[in-house]
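Chemist: Predicted coordinates and the sequence they were generated for:
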Amino acid sequence: HFDTAQAPEWYDEASVGAALNASGVARHEFFLTTKMHPRDHGYESTKAAVASSLANLRTTYVDLFMLHFPECSGMCTPAQAKRVQRDGGWRASWRALQDELKA
């Protein structure tokens, strides 16, 4: 099980993706988790965050994609927090994840 996150201050998706790619281990042989930063809440931002994570991790799917925190909780700039609120927050993110799963 590899546990990553988008924000480099938590865990670095790009480094984990590069290491897994270099390892030669088949993707179905491990469980891969990542987490979205709260600054990316909102429908379109979440869809972009999923695409970014997949690219960083050099894979076509993750086994678990988490909304790390339901709100900015002091982890976003005031402008980011305002955009998150305007774009529907975690509820919009949840809808985006459900749509990504169906795609």
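Modeler: Received, thanks.
Chemist: Quick check: N56 vs P70, distance?
Modeler: N56 sits at a distance of 23 Å from P70 (criterion: Cβ to Cβ, to the nearest Å). Backbone N, C-alpha and C define where each C-beta goes, glycine included.
Chemist: What's the separation between the residue nearest to R27 when sequence neighbours are not counted and H37?
Modeler: Of all residues not flanking R27 in the chain, T59 sits nearest, at 5.9 Å (Cβ to Cβ, 6 or more residues apart in numbering). Between T59 and H37 the computed distance is 19 Å (Cβ to Cβ).
Chemist: neighbour count winner among those two?
Modeler: H37 (20 against 16; other Cβ atoms under 10 Å).
Chemist: residues touching the more buried one, list them.
Modeler: Residues in contact with H37 (Cβ atoms under 8 Å, 6 or more residues apart in numbering) are 5-7, 49, 68, 75.
Chemist: other SSEs contacting the helix or strand of the chain with the lowest mean pLDDT?
Modeler: Ranking every helix and strand in the chain by mean pLDDT, DSSP states H and E puts helix 78-86 at the bottom, with a mean of 85. Counting contacts by 3 or more Cβ pairs under 8 Å, 6 or more residues apart in numbering; DSSP states H and E, helix 78-86 packs against no other helix or strand.
Chemist: buried residues in whichever helix or strand comes after it?
Modeler: Using DSSP states H and E, the next helix or strand after helix 78-86 towards the C-terminus is helix 89-102. Buried residues in helix 89-102, defined by neighbour count with 16 or more other Cβ atoms under 10 Å: 89-90, 92-94, 96-97, 100.
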